[in-house]
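Colleague: A predicted structure for the sequence below; I have some questions about it.
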Amino acid sequence: MKESRYIFADVSANNNKFWNIKIEPNFTVVTSWGRVGDNAQSKEFPHGSLADAEKFFDRKCREKERKGYVKQRVLIGEYTTQDNTSLASVAKQQINTNSPELDELIAFLTKANVHNILTATAMEYDTSKGVFTTPLGVVTNDAIQDARSILASMGLLVHNQDWNSPDWNSLLSMYLTAIPQKIGRRKPDPRELFPSLQAIQNQSKILDDLEASFQSVVSAPLTQKGDDTNTPQVFDVKLHLVDDQSIIRRIKNKYDSTRKTMHASYHLGVKRVFSVEINAMAKAYGDRGKNVGNVMELWHGTRAGNLLSILKGGLQVPPASSPHVTGRMFGDGLYFSDQSTKSLNYAYGAAPGQRGGIESSTFMFLADVAMGRPFVPTSYTRPSKYPVQGHDSIFAKAGQSGVHNNEMIVYTTDQCNLTYLVEFGN
């Protein structure tokens, strides 16, 4: 009938607590509380009328707010998911496939998306609705964007190795308020939580995963027409298993021709090839991006947990943020390479700044990328300098542009189109 959820994160006092309150239909007010990530305690307060229950409810909320508790921005029973089914069911129903093997692949990709987040945060997964929840509910997109801003400030402190800054307590407290996480019972030490920029970038990838999941499965309420429910189209994509041996040989040769023993993913070989057609992405590329010219076929690697989100909406230019947070040397754009294992390292889990272990199954896209007139940096410059006016892309050359491997970057999504998804293994 009525519900609120609060969090109190105060690093200086080693507080990382939540408190929830709701009115049941029988006018009983139920409160629950605990440390984030631990089992909650609860207590019931029966009342004789809704008016009495609401008066008690409001008084308890004011008491908590005076103690410093902040109302958490979460979705509480005010959202639906596509057809109220899991993400796997939606993907299975809507992705155009040509082989039963694709059903198994879609199920694997869904589990990979879940695993990425569950292993890194205090999140739980609601299998009936396909959404990630904290002990306080589903984290909203606004909370994720606020967390990105806070993380950028923390990244600057880590970059400067300023472990004694008085800002740490407030920044960590605000971050844990936005993205609740289990951090143990000992007072958190920023030097231990974020010993390097790699730890900051790992946290940034958690936010990427949360945002991708939120955007993939949470929607506006479904519209009703009589007795029928109109389920929104989430996936408008063809994903077909390729059995044409000439195409498979060409892609294998392209991969083998630029493999480098210096990369941890060098030992992997091509297992399967899938053709990809994401309708919105292909249309934008055909209508506008392709006309930029100088089209190159390039590799793009990403973790398996991100693939369903990409199949849903194509590649997206990541949110603007500090390079200390993202590790993007050439600004906020879409990164590709003509050197296969350079890109595959990002999919494999062996690229700089990546969290977690090596992926059991690894995937990489091939894409047509309209480079147009590229700018070739002669050394590393600040990411804020990119993109460069008068140029359509960046071609960062190995040994010349401050990088060890070629990187190609475009800054608009219509300049690229994904064509193949390639699976790799031992």
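Modeller: Received the coordinates, thanks. Residues are numbered from 1 along each chain as shown.

Colleague: which residue ranges form the strands in the stretch 151-300 of the chain?
Modeller: Using DSSP state E, counting those that start in this stretch, the strands of the stretch 151-300 of the chain run over residues 218-219, 224-225, 228-229, 237-241, 269-278, 295-301.

Colleague: nearest to T419, of these?
Modeller: Checking those against T419 by Cβ to Cβ gives strand 269-278 as the closest, at 6.1 Å. C-beta here means a position set from N, CA and C on the backbone, and glycine is covered the same way.

Colleague: tell me the angle of that closest one relative to strand 237-241?
Modeller: For strand 269-278 against strand 237-241, the angle by axes from the mean of the first three to the mean of the last three Cα atoms, to 10 degrees is 150 degrees.

Colleague: what packs against strand 269-278?
Modeller: Contact analysis of strand 269-278 by 3 or more Cβ pairs under 8 Å, 6 or more residues apart in numbering; DSSP states H and E lists helix 101-118, strand 237-241, helix 245-257, helix 307-313, strand 416-425 as its packing neighbours.

Colleague: for the longest one, what is the average pLDDT?
Modeller: For helix 101-118, the per-residue pLDDT values average out at 71.

Colleague: and what of the third one?
Modeller: Mean per-residue pLDDT for helix 245-257: 97.

Colleague: again, but for the shortest one
Modeller: Per-residue pLDDT over strand 237-241 has a mean of 94.

Colleague: Flag every buried residue along that strand.
Modeller: Judged by neighbour count (16 or more other Cβ atoms under 10 Å), strand 237-241 contains these buried residues: 237-240.

Colleague: Those residues into TSV, with extra columns for distance to F194?
Modeller: Shown next, in TSV, are those (distance: Cβ to Cβ, whole Å):
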residue	distance to F194
V237	37
K238	42
L239	38
H240	43
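
Colleague: I'd guessed E297 sits against F365; true?
Modeller: No. Counting by Cβ atoms under 8 Å, E297 stays clear of F365, with 10.8 Å between them.

Colleague: Compare those two (neighbour count), which wins?
Modeller: Neighbour count, other Cβ atoms under 10 Å: between E297 and F365, F365 has more, with 23 against 14.

Colleague: My assumption is that the more buried one lies in a helix; please confirm.
Modeller: No. With DSSP: H, G, I helix; E, B strand; the rest coil as the criterion, F365 is strand rather than part of a helix.

Colleague: Contacts only, for it.
Modeller: Listed by Cβ atoms under 8 Å, 6 or more residues apart in numbering, the contact set of F365 reads 276, 299-302, 310, 418-422.

Colleague: quick one: which of those residues is nearest K60?
Modeller: Using Cβ to Cβ, the shortest approach to K60 within the contacts of F365 belongs to I310, at 44.2 Å.

Colleague: and that closest one, what pLDDT?
Modeller: Value for I310, per-residue pLDDT: 87.

Colleague: mean pLDDT lowest for which of the strands of the stretch 151-300 of the chain?
Modeller: Minimum mean pLDDT among the strands of the stretch 151-300 of the chain: strand 224-225, a mean of 35.

Colleague: Paired strands for the strand or helix carrying W19, with orientation please.
Modeller: Here W19, judged by DSSP states H and E, is contained in strand 15-23. Strand 15-23 has the following sheet partners, assigned by DSSP bridges: strand 2-10 (antiparallel), strand 29-35 (antiparallel).

Colleague: quick one, which of those is packed in tightest?
Modeller: With neighbours taken as mean count of other Cβ atoms under 10 Å, the strands paired with strand 15-23 reach their highest mean count in strand 2-10, at a mean of 19.

Colleague: what mean pLDDT would you report for it?
Modeller: For strand 2-10, mean pLDDT is 91.

Colleague: Which helix or strand in this protein has the lowest average pLDDT?
Modeller: Least confident helix or strand of the chain, by mean pLDDT, DSSP states H and E, is strand 224-225 with a mean of 35.

Colleague: For stretch 300-311, list every residue counted as buried.
Modeller: Under the neighbour-count criterion of 16+ other Cβ under 10 Å, stretch 300-311 has 300-311 buried.

Colleague: ok, now stretch 53-70?
Modeller: 53-54, 56-57, 60-61, 64, 69.

Colleague: With stretch 42-54 instead?
Modeller: For stretch 42-54, a neighbour-count test (16+ other Cβ under 10 Å) marks 45, 47, 53-54 as buried.

Colleague: Give me the subset of those lying in strands.
Modeller: Residues of these located in strands (DSSP state E): F45.

Colleague: I'd like the buried residues of stretch 42-54 as a markdown table, with distance to R250 appended.
Modeller: Converted to a markdown table, those look like this (distance: Cβ to Cβ, whole Å):
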| residue | distance to R250 |
| --- | --- |
| F45 | 69 |
| H47 | 72 |
| A53 | 69 |
| E54 | 68 |
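
Colleague: what's the distance between the residue lying closest to Q203 once chain neighbours are set aside and A178?
Modeller: Once flanking residues are discounted, Q203 sits nearest to L151: 5.9 Å by Cβ to Cβ, 6 or more residues apart in numbering. Per Cβ to Cβ, to the nearest Å, L151 is found 9 Å from A178.

Colleague: again with I409
Modeller: Taken as Cβ to Cβ, the span from I409 to A178 is 29 Å.

Colleague: most distant residue from the middle of the protein?
Modeller: Here the chain reaches farthest from its C-alpha mean at G48, the gap being 46.0 Å by Cα atoms, centre = their mean.

Colleague: which residues does that residue contact?
Modeller: If you count contacts by Cβ under 8 Å, 6+ apart, G48 has them with F27.

Colleague: Please tell me how far it sits from V29.
Modeller: Remark: distance between G48 and V29 (Cβ to Cβ) = 12 Å.

Colleague: With K43 instead?
Modeller: In this structure, K43 and V29 are 9 Å apart, going by Cβ to Cβ.

Colleague: Could you do G286 as well?
Modeller: 58 Å.

Colleague: Select, out of the strands of the stretch 151-300 of the chain, the one closest to L156.
Modeller: So among those, strand 295-301 is nearest, using Cβ to Cβ, at 27.8 Å.
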